[in-house]
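Novice: coords please:
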Amino acid sequence: MAHNIYPDVGVSYHTYSQLILHPWGYTVGRGAAAQNEYSVAVSIAVEASVQISAVHGMAYRAGAGPDLLYVVNGDFVDWMFGVFGAYGYTPELRPTTPDFYPPPSEIIPTFEENIPAALHFIRSAILHDRAITPLLT
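Specialist: Okay, the predicted model is just below:
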């Protein structure tokens, strides 16, 4: 039985790098389609990074995967934005070193600093219309 219920926002937490990744991950160039919605997606990610740094002063950079890391195909943020028409984000949590496990002393501060960002993602989904028309309609 198929359901026509689509998410408005999605967040997939990863480690490491202290980043907030937003669409598009599959290309360096940006298409003209849904440009306004893309601008909203970017501004939501930037504000989330500001809210994270306000807690413990830990800086998270917001950007698309190709701009901050590398080009990826079929990633979560592109799936959310392109297929479901929802705002999708991947916060890359602490640490900044290539050790996917933060030291125990960073677990609670990482949790604390990401609560305001998570609430921001939820509020943004409520305040903004769906990003784009889902391809699944």
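Novice: ok, the lengthiest strand in the chain: who's next to it in the sheet?
Specialist: Using DSSP state E to define each element, the chain has its longest strand at strand 87-93. When pairing is defined by DSSP bridges, strand 87-93 lines up against strand 9-11 (parallel), strand 14-15 (parallel), strand 19-22 (antiparallel).
Novice: Return the most buried member of these.
Specialist: strand 19-22 (a mean of 26; mean count of other C-beta atoms under 10 Å). Using the backbone N, CA and C atoms, a C-beta is placed for each residue, glycine as well.
Novice: neighbouring contacts of the next helix or strand after it?
Specialist: Going down the chain from strand 19-22, the next helix or strand is helix 35-56, by DSSP states H and E. For helix 35-56, the surrounding residues in contact (C-beta atoms under 8 Å, 6 or more residues apart in numbering) are 20-24, 30, 58-63, 81, 87, 89, 91, 109, 112-117, 120-121, 124, 128, 131-132.
Novice: list the buried ones in helix 35-56?
Specialist: Residues 37-38, 40-42, 44-52 are the ones in helix 35-56 that count as buried (16 or more other C-beta atoms under 10 Å).
Novice: Could you point out the helix or strand that follows it?
Specialist: Next helix or strand after helix 35-56 toward the C-terminus (DSSP H and E): strand 61-64.
Novice: who's in contact with the very next helix or strand once past that next one?
Specialist: Proceeding N to C from strand 61-64, the next assigned helix or strand is helix 65-68, under DSSP H and E. Defining contact as C-beta under 8 Å, 6+ apart, one finds that helix 65-68 is touched by Ser17, Leu19, Leu21, Trp24, Gly25, Thr27, Val28, Arg61, Val71, Val72, Asp75, Val77.
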